[in-house]
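Engineer: Need coordinates for the below:
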Amino acid sequence: VSRWFVNVSITKKLYFVMGTMALLIALELLTLWFSLTTLSSVRAFVAGEGLWSKAQKDATYHLQKYATTYNEKDFARYKEFLKVPLGDHKALSELIKEKPDMVKARQGFIEGRNHPSDVKGMIKLFRKFHNIYYINKAIGIWQEGDSTIFQLIPIGNELYTEIHSGTPSKEKIKQIISKIDPINDRLTTL
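Structural biologist: Numbering: from 1, shown residues only. Purely as a prediction, here's the structure:
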């Protein structure tokens, strides 16, 4: 083999070296592209978690405020802020399926106020890497957060019913509101 290489013309050796370098550069660019798109998707999930957490806190705040003001705008804001975790839940529910409906998953992420240009990458990241330990752990926490935040819905409905009963009981409202703080504390931990 070494004798063959000695007899190869300099032009062919140069083409071989340049071709090898071009191939390595192409592989490095492909690796860089993969890394950047993956990190961008991770960034989008971190931002999405921030949106989820803020919306949960705002929903809780407006629900508690509604209990004292009886202002329908506060209840409407509670329901509006609750749409963020509910949208993300819709996306999660689809993505954990064996054959998810990507349109529903995309719609869920957008309802969760994630930027539309980030959604495709978020879906790819979830689908490709959901079995990796720390991503799987985060998904488990997300699922636990979803089941915990759903506990706010019947409390909100119960509060709304009591306030609209014609003769709302301050004691009953206080009892209903006392259920919110443990849920809020649990969600903060998650």
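
Engineer: CA atoms for contacts and neighbours, from now on please.
Structural biologist: Noted.

Engineer: who's in contact with S93?
Structural biologist: Going by CA atoms under 8 Å, 6 or more residues apart in numbering, S93 touches A105.

Engineer: again, 7 Å this time
Structural biologist: Shown in contact with S93 (CA atoms under 7 Å, 6 or more residues apart in numbering): no residues.

Engineer: tell me which element Q175 falls in.
Structural biologist: If you go by DSSP states H and E, Q175 is part of helix 170-177.

Engineer: Pull the residues that contact that helix.
Structural biologist: By CA under 7 Å, 6+ apart, the residues outside helix 170-177 that reach it are 64, 67, 155, 159.

Engineer: Keep only those of the residues you listed that are in helices.
Structural biologist: 64, 67, 155, 159 (DSSP state H).

Engineer: what's the spacing between the nearest residue to the first one once chain neighbours are set aside and E162?
Structural biologist: Nearest residue to Q64, sequence neighbours excluded (CA to CA, 6 or more residues apart in numbering): I177, at 6.6 Å. As judged by CA to CA, to the nearest Å, I177 and E162 stand 11 Å apart.

Engineer: Three-state assignment for T38, please.
Structural biologist: Look at T38: counting by DSSP: H, G, I helix; E, B strand; the rest coil, its state is helix.
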